Structure formats: structure tokens, C-alpha cells
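# How does the following fold in three dimensions:
(one chain, ligands or ions: 1)
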Amino acid sequence: MKKTAVVTGGAGFIGSHLCDRLIGEGFKVICLDNLITGSRRNIGHLSGAKDFKFIRHDVTKFIKIKEKVGYVLHFASPASPEDYLKYPIQTLKVGSLGTHNALGLAKAKRARFILASTSEVYGDPLVHPQPESYWGNVNPVGLRGCYDESKRFAEALTMAYRRAHKMDTCILRIFNTYGPRMRLNDGRVVPNFISQSLSGKPLTVYGRGTQTRSFCYIDDLIEGIFRLMQNDCPGPMNLGNPHEFTILQLAKIVLRLTGAKSKLTFKPLPQDDPRQRRPDITLARKSLDWQPKVELEEGLKEAIDWFSRNTP
Ligand code: UDP
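Now for the predicted structure:
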């Protein structure tokens, strides 16, 4: 019997790549998405596959699935700062009510539950790089609070279900990830810089561009998630690329790779924008024998190629 995996947010950027991998590995996949930030285009190529089912559903409402389920992978949420500023209540609801429903489904089906959490739980970190043992520095009432706190609540709820119901759960903390299928206008720095370069517009650097991020290519992340599924580790576990860059360095690399002559334009730094971010991936290295393989330039070339073919 094929194992069935339910992927919430399966029509999103990471969710759709996860659906692809699971279908490729011989799973049956039930993809749930309300399409507020996800898109049918991301899963269009799977629509005819006999082991793939898409259900348009808002997971903050009760999730009804008849089949046996081996895995519930809870990936639904707006994840770009611009998106969660636009949908703050939906973001809080999917992290709280949505996680509650997804956990309830996993409990009823005795399935392994994986929560897609985020490096945002570390807020503007005072410990660098960030190990899983760090509790974070989050402003609950700031503009990013809707995302950070909903994911922190989701982590606490996952642990409560694990302890109270002896469930098989895992918390995964995803650091900045990029690649094909990100929306051109999703507002995050990689699609912004690539689309600005491709259209000859100035690259919008927020603040002085001295803040840092560590960018993981989507294929590396999916490999880590797939290994985590087979593992019984409860997490939290960081997955991300530990190679750190300033935003100014990123802008220069994108300009060089695209050959664009765009200038840089400096814009105000968004509220509570983390000054630095880099995952400590010791735990993933040890327990999954995993580490990213794709260097930034190599991954950016793939992303640039995809964006140039998919820009209207
Ligand atoms: N950023 C930028 N220009 C942009 C978009 C983002 O300088 O057009 C900066 C942003 O202020 C942050 C970093 O790039 O410091 C990463 O932002 P992103 O929205 O990709 O995700 P975050 O890591 O903040 O969740």
C-alpha cells in the first residue's frame, strides 16, 4: 500500500516542490491550499497524476479526509513579510487554528506530523548563528508579530499534542529559501532583486544593506525535509544554508549574474527587520547527515533562468 501524505499549503512555493518530491518517491499526495498566496500554476503539472489530489480548502476550517494518512506536513501560511503584512489575521489563524486542525487530523490518522516553522521564531537574534536551543528575541506587538507569534504558538501546540497524545511530531525551522516558483512580486529579496534586474529597474535595498541572511536553494531544503520525514527526531530542527551574505553582497551578485546595469536605491528598513540570520545546522548534519550542496551563485543562476522564462 502506498503511503499517503497530506500537504497543507501544497500549492505554495515550498509546498509544491514537496508534493513533486513525494509523488516522485511513490507517495499518494493530498494537497490542501486556499490559494491566497499559493497558486494552481505551481501544481498544474501534477493535475493529471493518479496519486495526486488537490482540494481547495482553508485549513483554519475542519479538515475532513477519508483515506488513511501516514504523514501530515503542515506548510500552509503566508511566508513573505509583504504577504503577512497584507494578511495578518489569516497568518495568525493558519498558525493557530490551522495548526490545531492539522494536528487533529494527524492524531485521528496516527500520522507523523511535521510543522513547517521558521527562523522568524528567533526574531532579531541576539545569538549568532542561531542554534535550536536559542529562545529568540521577538516583538509580539510589532508588524512581524503576526507571523512570528503564530509560528511560536504552532510550535507550542505541536509540543502539547506530542506530550499529551504521545504523537509522532517534528518541528522544522526553515531559514530563507529561494528558487523557481517564488512569485515575482512576492516581496522577498531574491525575487525582488531578480525581477528588478530583469526589467532594468533599480534594486531596492532596505536600510543600508548591511543586514545579513543565509540563502538555501529549494532542492537542498526539500532533501532535508524528506530525510526528516523518515527520521523520528522531534526537533526543533533548523534547515537552511549556513553561508551568510549581506543584502548588499546579494545585490551585487544578482547584478553580475544577470548582467543588468541597474542602480541600487536605498529604502527605509522595515520595522523589526532582523539584523543578522544564519542557521546553526549541527543537529541536521548529525541526525540527517544533511547539509546544503548548492552554493548561492549556482542556485541564483537556476532561479534567474526560471524567472526569465516565467516573466510575462
Ligand atoms: N530586502 C531588501 N530589498 C528588498 C526586499 C528585502 O533589502 O527588495 C531585505 C529585507 O529588509 C531583509 C532581507 O532583505 O533584511 C530579507 O528580506 P526578505 O523579505 O527576503 O525575508 P526575511 O528574511 O526578512 O523574512
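# Tell me where the model's unsure across this protein.
1 (pLDDT under 70).
# make it 90
1-2, 48, 311-312 (pLDDT under 90).
# Enumerate the residues of it near the ligand.
Proximity of the chain to the ligand, by CB under 6 Å from any ligand atom, involves residues 80-81, 176, 188-189, 192, 204-206, 211, 213, 247, 269-270, 273. All C-beta atoms are positioned from the backbone trio N, CA, C, and that covers glycine.
# Show me those that map onto strands.
If you go by DSSP state E, these have Thr204, Val205, Tyr206, Arg213 in strands.
# shouldn't the third one be in contact with Leu264?
No. Using CB atoms under 8 Å, Tyr206 makes no contact with Leu264, being 11.0 Å away.
# Farthest from the middle of this protein: give me that residue.
Lys261 (30.9 Å; CA atoms, centre = their mean).
# can you count the residues close to the residue lying closest to Arg213 once chain neighbours are set aside?
Spatial nearest neighbour of Arg213, excluding adjacent residues (CB to CB, 6 or more residues apart in numbering): Asn176 at 4.9 Å. Neighbourhood size, Asn176 [other CB atoms under 10 Å]: 19.
# Need phi/psi at Asn176.
Note on Asn176: backbone dihedrals following degrees, to the nearest 10 are phi -40, psi 120.
# can you check Arg208 too?
Torsion angles, degrees, to the nearest 10, at Arg208: phi -90, psi 0.
# give me every residue that touches Lys109.
Taking CB atoms under 8 Å, 6 or more residues apart in numbering as the criterion, Lys109 is in contact with Ile65, Lys68, Val69, Gly70, Val72.
# What about those, which one has the most neighbours?
Result: Val72 is most packed of these (other CB under 10 Å), 29 neighbours.
# now the helices for the stretch 1-150 of the chain?
13-24, 81-86, 88-93, 99-109, 145-165 (DSSP state H, counting those that start in this stretch).
# now the angle between helix 99-109 and the longest one, please.
Counting by axes from the mean of the first three to the mean of the last three CA atoms, to 10 degrees, helix 145-165 lies at 30 degrees to helix 99-109.
# continuing past helix 145-165, what's the next helix or strand?
strand 169-174 (DSSP states H and E).
# what helices or strands is that next one leaning on?
strand 112-118, helix 145-165, helix 218-230, strand 237-239 (3 or more CB pairs under 8 Å, 6 or more residues apart in numbering; DSSP states H and E).
# got the contact list for the closest residue to the ligand within the stretch 201-312 of the chain?
Minimum separation of the stretch 201-312 of the chain from the ligand (CB to the nearest ligand atom) falls at Tyr206, amounting to 3.4 Å. Tyr206 makes contact with Ile247, Phe266, Lys267, Pro268, Leu269, Pro270, Asp273, according to CB under 8 Å, 6+ apart.
# What is the distance between stretch 111-123 and the centre of its chain?
The chain centre lies 9 Å from the centre of stretch 111-123; the measure is CA atoms, centre = their mean, to the nearest Å.
# end to end, how far does it reach?
31 Å (CA to CA, to the nearest Å).
# Return the member of the contacts of Lys109 nearest to the ligand.
Val72 (25.0 Å).
# how close does the closest residue to the closest one other than its chain neighbours get to Arg163?
Spatial nearest neighbour of Val72, chain neighbours left out: Ala106 (4.0 Å); criterion: CB to CB, 6+ apart. As judged by CB to CB, to the nearest Å, Ala106 and Arg163 stand 14 Å apart.
# Between those two, which is the more surrounded one?
Neighbours per residue, other CB under 10 Å: of Ala106 and Arg163, the larger number sits with Ala106, 28 against 10.
# give the contact list for that one.
Ala106 neighbours (CB under 8 Å, 6+ apart): Val69, Val72, Arg112, Phe113, Tyr161, Met167, Thr169.
# Look up the residues forming beta bridges with the fourth one.
What it means is Phe113. For Phe113, the beta-bridge partners under DSSP bridges are Val72, Thr169.
# okay, now it: neighbour count?
24.
# check contacts around it.
Tyr71, Val72, His74, Ala102, Leu103, Ala106, Thr158, Tyr161, Met167, Asp168, Thr169, Cys170.
# Can you lay out these as CSV showing distance to Leu288?
As requested, the contacts of Phe113 are exported to CSV (distance: CB to CB, whole Å):
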residue, distance to Leu288
Tyr71, 16
Val72, 20
His74, 19
Ala102, 22
Leu103, 23
Ala106, 21
Thr158, 19
Tyr161, 23
Met167, 20
Asp168, 16
Thr169, 16
Cys170, 11
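# Buried only: go through those residues for me.
Using 16 or more other CB atoms under 10 Å as the burial test, those include Tyr71, Val72, His74, Ala102, Leu103, Ala106, Thr158, Tyr161, Met167, Thr169, Cys170 as buried.
# Please look at Phe273 and Val205 and confirm they touch.
Quick fix: residue 273 reads Asp, not Phe. No. Here Asp273 lies out of contact with Val205, judged by CB under 8 Å, at a distance of 11.8 Å.
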